[in-house]
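K.L.:
Need coordinates for the following:
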Amino acid sequence: MRPEEFLRTVLALPEVTEREAFSDLTGFRVRGKGFCYLNESEGFVLLKATREEQAALIAEDPGTFAPSWASGRFAWVEIKLATVEPEELRELVTEAWRLSAPKRLAAALPA
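P.N.:
As a prediction, the model looks like this:
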């Protein structure tokens with residue numbers, strides 16, 4: 001998936017805002033809560049996930065998915081844009097959004 005496609009996917013979700021984060025990362029938030037970051041120059045994204053989802057993704061394809069920061073019940077997974085299946089990334093972005101969005105807003109997005 002190209003960065004432009006990723007941007008269209010993430011910015012199509014309800015109430016997403018984009019802002020500069022740290023280093024070379026662009027952050028994406030829903031109602032002030034971060035759920036993903038894009039490093040366009042290096043071709044990867046960081047997505048919020050559950051610890052179980054992070055472990056499953058890494059076990060499934062360690063060439064595409066790598067562990068990142070983790071705390072509490074959430075973990076972040078680094079995903080290479082060049083090797084991830086576009087439909088899988090769309091699902092993962094939507095799930096990351098749901099983990100951060102208020103319950104009523106998340107419920108308004110069709111499953």
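K.L.:
use CA for all of it now, contacts and neighbours both
P.N.:
Will do.
K.L.:
Low-confidence bits of this structure, can you list those?
P.N.:
Filtered on pLDDT under 70, the chain yields the residue ranges 111.
K.L.:
Tell me how many other residues surround Glu88.
P.N.:
Under the neighbour criterion other CA atoms under 10 Å, Glu88 is assigned a count of 10.
K.L.:
for this structure, longest helix please?
P.N.:
As far as residue count goes, and with DSSP state H defining each element, the longest helix of the chain is helix 86-100.
K.L.:
Find the centremost residue of the chain, please.
P.N.:
Leu47 (2.9 Å; CA atoms, centre = their mean).
K.L.:
List the residues that contact that one.
P.N.:
When contacts are counted by CA atoms under 8 Å, 6 or more residues apart in numbering, Leu47 touches 35-37, 76-79, 92-93, 96.
K.L.:
Now which of those would you call buried?
P.N.:
For these, a burial check counting by 16 or more other CA atoms under 10 Å picks out 35-37, 76-79, 92-93, 96.
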